[in-house]
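Enquirer: Pasting a predicted model and its sequence here:
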Amino acid sequence: MSAALVTGASRGIGRAIAERLAERYEIIAVARSARALEEVAHGIQARGGRCRAIALDVSDHAAVSSALASLDVDVVVNNAGLGIIKPTAEMSVEEWRKQVSVNLDGMFYVTRAVLPGMIERKRGYVVNIGSLAGRNAFVGGACYSATKHAVIGFSESLMLEVRDVGVRVTVIMPGSVDTEFGGHPAGNASWKLTPADVADGVWHVVNQPERALVSRVEMRPARVARA
Ligand code: NJP
C-alpha cells in the first residue's frame, strides 16, 4: 500500500483529507497535538485503514528532516497553516515570523524531505493547500495573504520543475471552510465549504489518469454569506 503524508491532520481540513485518502493510502498524519493525531489514527484504523501519527512542528526544520526524510510517500499534502488576521501596524514580529514559518517554511521543509524519493521513483503528488487569499487581498490579511500568494508561486514553479520526471504538483485554493481556523468565528456557517468538500477536491486531483495534471484548483462556497 503506498503512503500519503498529510500535515495539519489533527483537525479541520487536514483531518478530512487524511480520512478520505485512507480509502487508498496508508496515512502518515502529522501535526503538533499527539493526542488528537492518535484519535484520527484510531478512527481510520477502526474503519479498516492504516494510519500512523507523527507529532511535530512543521516549522522545525531539524524535526521535519529527521522524522520524514527517510519515508517513501507517494502523496504529500501540505495543509498545516494558521491565520493571524490583524492590522499590520499591530502585528508583532513574532506573529509575522510564526505565520511565515508554518505556512511557507514548513511547506518547503516537508516537501524537501520527501521530494528526492519521489523524483527517484519517478512518481508522486505534492498537493499544497493555499487559499483564495493567495489571489485576493483583504483588510487584516497582509501577512496571511502574502504567505498564500507565496504558496501559489512555490507550487506552480515546483510543478514546472518536476512534472517531466513524473511528480505532479497541485495547489488547492479554498474559500471559506467551516473549521476552527482563525478562532472559529461565531455565527451561521452553513453557507461555507466543509472540510470534506476540500478533501473530495484532493481525492479528485490524486485520482487523475497518469497523463493528466490538475495544477490549480479554486474552490468556493456556491452562495455568498448573508448577514
Ligand atoms: O485550520 P485548523 P483549517 N506544525 O486551524 C496544524 C487553509 N485554509 O483546517 O499542530 C504542524 O482547523 C494544526 O494542528 P496542531 C489554511 O490556511 C483554510 O481550516 O495539532 N501542524 C491543525 O491540524 C491552512 O493551510 C480556510 O495544532 C500545525 C491544522 O494545522 C489549511 O487550510 C480557508 C502547525 C490547522 O487546522 C488548514 O486549515 C482557506 C505546526 N506548526 C485556506 N500549526 C478556512 N478554514 O476557511 C498548525 O482559504 N498546525
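Expert: Arrived safely, thanks for sending.

Enquirer: just checking, what packs against the lengthiest helix in the chain?
Expert: When the chain is parsed with DSSP state H, its longest helix is helix 142-162. Other helices and strands packing on helix 142-162, by 3 or more C-beta pairs under 8 Å, 6 or more residues apart in numbering; DSSP states H and E, are helix 93-100, helix 106-121, strand 124-129, strand 167-174, strand 216-219. (Glycine included, C-beta is placed from N, CA and C.)

Enquirer: Is any residue of the shortest one near the ligand?
Expert: In other words, strand 216-219. No: applying C-beta under 6 Å from any ligand atom, one finds strand 216-219 separated from the ligand by no less than 8.5 Å.

Enquirer: how about that strand: buried residues?
Expert: Arg216, Val217 (16 or more other C-beta atoms under 10 Å).

Enquirer: The second one now?
Expert: Of the residues in helix 106-121, those with enough neighbours to count as buried (16+ other C-beta under 10 Å) are Gly106, Met107, Phe108, Tyr109, Val110, Thr111, Ala113, Val114, Leu115, Met118.

Enquirer: Return the residues in contact with the most centrally placed residue in the chain.
Expert: Closest to where the C-alpha atoms of the chain average out (C-alpha atoms, centre = their mean) is Asn79, at 1.5 Å. Residues near Asn79 by C-beta atoms under 8 Å, 6 or more residues apart in numbering: Val6, Thr7, Gly8, Ala9, Ile13, Gly14, Ile17, Ile129.

Enquirer: Those: which ones sit near the ligand?
Expert: Restricting those to those near the ligand - C-beta under 6 Å from any ligand atom - leaves Thr7, Gly8, Ile13, Gly14, Ile129.

Enquirer: these two touch, right, the first one and Gly106?
Expert: Yes: at 7.1 Å, Thr7 and Gly106 qualify as touching, with contact defined as C-beta atoms under 8 Å.

Enquirer: which stretches of this protein have low pLDDT?
Expert: 184-185, 226-227 (pLDDT under 70).

Enquirer: go again using 50 as the cut-off
Expert: For the chain, no stretch is flagged by pLDDT under 50.
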